[in-house]
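Participant: Task: produce atomic coordinates for the following.
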Amino acid sequence: MARNSEILAISLMMMAVLGVIRASDPDPDPQTVTAEDFSFSGLAVAANLTGNPVDAAPTFGFVKDWPALNALGLSLVRLDLNPGGVIMPHTHNLATEILFVLEGEIYTGFVANSDNPQHPNKLFAKVVKKGEAFIFPRGLLHFQLNNGTVPAASINVLNGQNPGILLMSISLFGTGIDSKVLEKSFFLPPDSVANISAVLSQFVDIFH
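Facilitator: Presented below is the predicted three-dimensional model:
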């Protein structure tokens, strides 16, 4: 009986390994694959920010945009920010992210978790200049701001093909959470919550 259990366990392990190998293979028939399947030009051009309310936008290179990423655990994002532009505070619950500045400079950072409610969460932020990089640990709240006088751009790499995106302000005020929750949480009067919610509910798909 013990021998049968060992054989079953080994068989399941082999099936799992083969499954991973097959999942990471973009095509089982190499004759049908070309170099074009592994290249992506979607990040070559800056985003059009005309009429953009936050003067900034991401251009995604996720698996839905670049199928060759399937099962490889990677994705790319290009950020373009006009002077004064902001990428809203957000999180990626499924990936760590590295930002590399292509042009201009970007004030960016993240807020670390705290395991002690008596101690505040700590901000790690700085101005990152052209040619420099900054890392955002998985799941932590982070942001980008162009405080300079010229447009800024970055290429960001994430270690997940679908890293997940949660825009903090829109998730709180633009998705229909009961206003009493927001009033108490942010010490705001009802009319202020209503006004903020009315504005942000228009931008639920701002980065889609």
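
Participant: residue boundaries of the strands in this protein?
Facilitator: For the chain, the strands defined by DSSP state E occupy 56-61, 75-81, 86-91, 97-103, 105-111, 123-129, 133-136, 141-145, 152-158, 166-167.

Participant: Direction-wise, compare the fifth one with strand 97-103 and give the angle.
Facilitator: It stands for strand 105-111. Strand 105-111 and strand 97-103 are oriented at 170 degrees to each other (axes from the mean of the first three to the mean of the last three CA atoms, to 10 degrees).

Participant: helices or strands next to strand 105-111 in the packing?
Facilitator: For strand 105-111, the packing partners by 3 or more CB pairs under 8 Å, 6 or more residues apart in numbering; DSSP states H and E come out as strand 123-129, strand 133-136, strand 141-145, strand 152-158. Every C-beta, even on glycine, is put in place using the N, C-alpha and C of the backbone.

Participant: Give me the pLDDT value at the residue lying closest to Asp65 once chain neighbours are set aside.
Facilitator: Spatial nearest neighbour of Asp65, excluding adjacent residues (CB to CB, 6 or more residues apart in numbering): Gly42 at 5.8 Å. You'll see Gly42 listed with a pLDDT of 93.

Participant: among the strands of the chain, which is nearest Thr32?
Facilitator: Among the strands of the chain, the nearest to Thr32 by CB to CB is strand 56-61 (22.6 Å).

Participant: just to revisit the earlier point, nearest to Asp37, out of the strands of the chain?
Facilitator: Nearest to Asp37, of the strands of the chain and by CB to CB, is strand 56-61 at 14.2 Å.

Participant: Could I get the average pLDDT for the closest one?
Facilitator: Mean predicted confidence for strand 56-61 is 94.

Participant: now it: how far from the chain's centre is it?
Facilitator: Relative to its chain's centre, strand 56-61 lies at 10 Å (CA atoms, centre = their mean, to the nearest Å).

Participant: Can you list the strands that that strand pairs with?
Facilitator: strand 75-81 (antiparallel) (DSSP bridges).

Participant: Just name the most buried of the strands of the chain.
Facilitator: Highest mean neighbour count among the strands of the chain (mean count of other CB atoms under 10 Å): strand 75-81, with a mean of 24.

Participant: residues touching Leu81, list them.
Facilitator: Applying CB atoms under 8 Å, 6 or more residues apart in numbering to Leu81 gives the contacts Asp55, Ala56, Ile87, Gly104, Ile106, Gln144, Leu145, Asn146, Pro151, Ala152, Ala153.
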